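Engineer: Okay, here's the prediction I keep looking at, along with the sequence it came from:
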Amino acid sequence: MRKSGPVEIVRPKDLREASSLVREGGMPLAGGTDVFVRVRKGLWDPPFLVYIGELPQLRGIEPREGGVEVGAAVTHAELLRSPLAAQLPVLRLALSTIGAPAIREMGTIGGNVANASPAGDSLIPLYLLEARVNLVGPEGERSLPMEDFILGPGKTALRPGEIIRSLWIPFPEGKPLPYFRKVGRRRALVIAVASLGALFWLRDGVVEKARLALGSVAPTVLRPREVEKALLGKPLDPGLLRPIADELSRLVNPISDIRATAAYRRRVAGNLLLDAAARLPRA
Ligand SMILES: Cc1cc2nc3c(=O)[nH]c(=O)nc-3n(C[C@H](O)[C@H](O)[C@H](O)COP(=O)(O)OP(=O)(O)OC[C@H]3O[C@@H](n4cnc5c(N)ncnc54)[C@H](O)[C@@H]3O)c2cc1C
C-alpha cells in the first residue's frame, strides 16, 4: 500500500467558501476519523482537505415542527447527549454502538452519511425515521430522502462542490417500539457483519405498522418493504415469525468478505428479526 505525504488542511470562513474550495477539488474534513485513516493508508489522496468541522452553520441541533434538524458536523456523542435525541430512541440505540467513546466524540453524523458505507451505523435509524439529507452547493440548496442520497457503497448523490449541511429527522407518529442490534466479530469497535434496526407500532398485541432497515447485507442499507408488509397483523412472537424471518434471509443480497460469508450474513439477517420479536414487549 502506498503511503502519501502530508496533506494541506484549509479552513474556510463560511459555508460558501467551503463549497467553492470543495468545487476546486478539496475533500471535506469533519471529525477526520475516516479521512485521516484512509489518507494515512494511501487509500485516499486528496489535493487538500477543507476543514468544515467547526462551521457554525453545520453545528446545531435544532428542534423544528415535527422533528429535529441536526447539523452535519454534530458528533455522535453530542447527539447522544442532546435531550432531543431522547425522543428518537432508535437513533440513540444505533449511535451508542459506534466505535468507542473517542470515535463518537470525533466522528460526525455528516461524515457517516457521506461515507455511504453499508455498515454505517447512523444510516439505519436515518432510513427508519425517513430522514432527509439537506445539501448546500454552488447551485444553492436541495434536499433528498436518505434512500435517494445513498447510491451504493461509498457512492452518494453529492454533486461537485456540494456539502451535507444537515439531516432533517422527523419524529415518528405515536410511540413505536425501537430495536437496533449489530452483529460483529468482536465486542468492541465492531464493524457490523449484519445489523437490523426496526420500529414496530403495535395495536391489540399485533403489528399495525413496521419499518425495518438492515446494514451490511446489501450494497446500501436495505428497507425490505415486502417483509414490513408481511408483518402486519402478526404478534411479535419468534415462533410465529419464523417463515417471515426465512423470507428476509432470502431477500437480502450480501457479499462474502473477510468478516463473514454471504450465507452467514443471510442467516443473521433472519435471526435478528426473531431476536427483535423475542426481546420486545408483545403488547
Ligand atoms: C476505530 C474506528 C471505529 C469506527 N467504528 C465505527 C462504527 O462502529 N460504526 C460506524 O458507522 N462507523 C465507524 N467508524 C467510521 C467513522 O468513525 C464514522 O463513519 C464517522 O461518522 C465519520 O465521521 P467523521 O466526521 O470523522 O468523517 P471524516 O473522516 O471527516 O469524513 C468522512 C467522509 O465524509 C466526507 N464528509 C464529511 N463531512 C461531510 C459533509 N458535511 N458533507 C460532505 N462530505 C462530508 C469526507 O470528505 C470523507 O469523505 C469507525 C472509525 C474508526 C477509525
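Structural biologist: Thanks, I have it. Numbers count the residues shown, from 1 in each chain.
Engineer: longest single helix anywhere in the chain?
Structural biologist: In the chain, taking DSSP state H as the definition, the longest helix is helix 262-279.
Engineer: Residues contacting that helix, please?
Structural biologist: 179, 181, 183, 193-196, 198, 200, 212, 214, 216-217, 227, 236-238, 241-242, 244-246, 248-250, 252, 254-256, 260 (CB atoms under 8 Å, 6 or more residues apart in numbering). (C-beta placed from N, C-alpha, C; glycine too.)
Engineer: Report the buried members of the residues you listed.
Structural biologist: By neighbour count, with 16 or more other CB atoms under 10 Å, those hold 179, 181, 183, 193-196, 198, 200, 212, 214, 216-217, 227, 236, 241, 244-245, 248-249, 252, 254, 260 as buried.
Engineer: Can you name every helix or strand that the host helix or strand of P28 contacts?
Structural biologist: In this structure, P28 sits in strand 27-29 according to DSSP states H and E. Contact here means 3 or more CB pairs under 8 Å, 6 or more residues apart in numbering; DSSP states H and E; on that basis strand 27-29 packs against strand 49-51.
Engineer: Can you tell me which residue sits nearest the middle of the protein?
Structural biologist: L123 (1.3 Å; CA atoms, centre = their mean).
Engineer: can you map out the helices along this structure?
Structural biologist: Under the criterion DSSP H, the chain carries helices at the ranges 15-23, 35-40, 76-81, 89-95, 101-106, 109-115, 123-128, 146-149, 225-230, 238-251, 262-279.
Engineer: ok, what's across the strand from the residue of the stretch 151-283 of the chain found nearest the ligand?
Structural biologist: Nearest residue of the stretch 151-283 of the chain to the ligand: I164, at 3.6 Å (CB to the nearest ligand atom). Note on I164: beta-bridge partners by DSSP bridges are L135.
Engineer: Just the local confidence number for it, please.
Structural biologist: Turning to I164, the model gives it a pLDDT of 98.
Engineer: I'd guessed it sits against N112; true?
Structural biologist: No: if you go by CB atoms under 8 Å, I164 and N112 don't touch, sitting 10.1 Å apart.
Engineer: Could you list the contact residues of the stretch 51-200 of the chain toward the ligand?
Structural biologist: Within the stretch 51-200 of the chain, the positions adjacent to the ligand are 52, 72, 98-99, 103, 106-108, 110-112, 114-115, 120-121, 163-164, 189 by CB under 6 Å from any ligand atom.
Engineer: now those: which count as buried?
Structural biologist: 52, 72, 98-99, 106-108, 110-112, 114-115, 120-121, 163-164.
Engineer: Count the residues that sit near R81.
Structural biologist: Using other CB atoms under 10 Å, R81 has 11 neighbouring residues.
Engineer: residues in contact with it?
Structural biologist: With contacts defined as CB under 8 Å, 6+ apart, R81 has no neighbours.
Engineer: Same question for M146.
Structural biologist: V113, L123, L126, Y127, E130, A131, R132, V133, V221.
Engineer: For those residues, pick the one with the most neighbours.
Structural biologist: Using other CB under 10 Å as the neighbour criterion, L126 leads these with 30 neighbours.
Engineer: Enumerate every residue touching the residue nearest to V252 when sequence neighbours are not counted.
Structural biologist: Leaving aside its sequence neighbours, V252 sits nearest to V217 (CB to CB, 6 or more residues apart in numbering; 3.9 Å). Contacts for V217 (CB under 8 Å, 6+ apart) come out as P118, A194, V252, N253, P254, R265, R266, A269.
Engineer: Spatially, which two of these are the most separated?
Structural biologist: Greatest spatial distance in the contacts of V217: P118 and R266, 14.5 Å, computed using CB to CB.
Engineer: The protein - how does it break down into domains?
Structural biologist: Under the assignment automatic domain parsing, the domains of the chain span 9-51, 56-170, 177-279.
Engineer: gap between the residue of the stretch 151-283 of the chain closest to the ligand and P63?
Structural biologist: In this view, I164 and P63 are 20 Å apart by CB to CB, to the nearest Å.
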